[in-house]
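*Asks:* compute the structure for the input listed below.
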Amino acid sequence: MSIATIVPENAVIGQAVNIRSMETDIVSLDDRLLQAFSGSAIATAVDKQTITNRIEDPNLVTDPKELAISQEMISDYNLYVSMVSTLTRKGVGAVETLLRS
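*Replies:* As a prediction, the model looks like this:
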C-alpha cells in the first residue's frame, strides 16, 4: 500500500457525518419497495442485454473460453432472477398473512 492511497482522517469523518444525516430521513415502505424494484429491473435488463449481445456475436460464440464465460453469465442471471422471484413470493405471502390477522 502506498502512502498516496491512504485517506486523511477528516475526509472519512466527513463522509460518516453525511451518512448519518441521510439515515434520519423518513422513507416510506412503498418508496423503498419502488426504489428496490426499479434498481433490480434496470440491473436485470442490462444483464439480459449483455448476455443477448454476447450470444449474437459470432466471434464470441465460436471461442470456447468466451462461450464458457457466456454460460456462466447466463447461470448467474438465472440464479438472480430465481432468487428475486422467490423473495418476492415470500414477501407477498408475509404481507398477506399480516393483512389477514
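*Asks:* residue boundaries of the strands in this protein?
*Replies:* With DSSP state E as the criterion, the chain has no strands.
*Asks:* might you list the low-confidence residue ranges for it?
*Replies:* Within the chain, the ranges that satisfy pLDDT under 70 run 1-24.
*Asks:* now with 50?
*Replies:* Applying pLDDT under 50 to the chain picks out residues 1, 3-4, 7, 12-13, 15-17.
*Asks:* ok, and the closest non-adjacent residue to the most centrally placed residue in it?
*Replies:* When Cα atoms, centre = their mean is applied to the chain, the residue found nearest the centroid is S40 (5.6 Å). Among residues not flanking S40 along the chain, V84 sits closest, at 6.1 Å (Cβ to Cβ, 6 or more residues apart in numbering). For glycine as for every other residue, the C-beta is placed from the backbone atoms N, C-alpha and C.
*Asks:* any idea how many residues pack against that neighbour?
*Replies:* V84 is flanked by 16 other residues according to other Cβ atoms under 10 Å.
*Asks:* got it, and the one 3 residues further on?
*Replies:* Other residues within reach of L87 by the criterion other Cβ under 10 Å amount to 11.
*Asks:* from N59, how far out is it?
*Replies:* 37 Å (Cβ to Cβ, to the nearest Å).
*Asks:* go ahead and confirm the residue nearest to the centre of the chain touches M83.
*Replies:* No. Between S40 and M83 there is no contact under Cβ atoms under 8 Å: 10.3 Å.
*Asks:* and the longest helix seen in the chain, what's buried?
*Replies:* In the chain, assigned by DSSP state H, the helix with the most residues is helix 64-100. In terms of neighbour count (16 or more other Cβ atoms under 10 Å), helix 64-100 has its buried residues at 70, 84.
*Asks:* which helices and strands does that helix pack with?
*Replies:* helix 29-56, helix 58-62 (3 or more Cβ pairs under 8 Å, 6 or more residues apart in numbering; DSSP states H and E).
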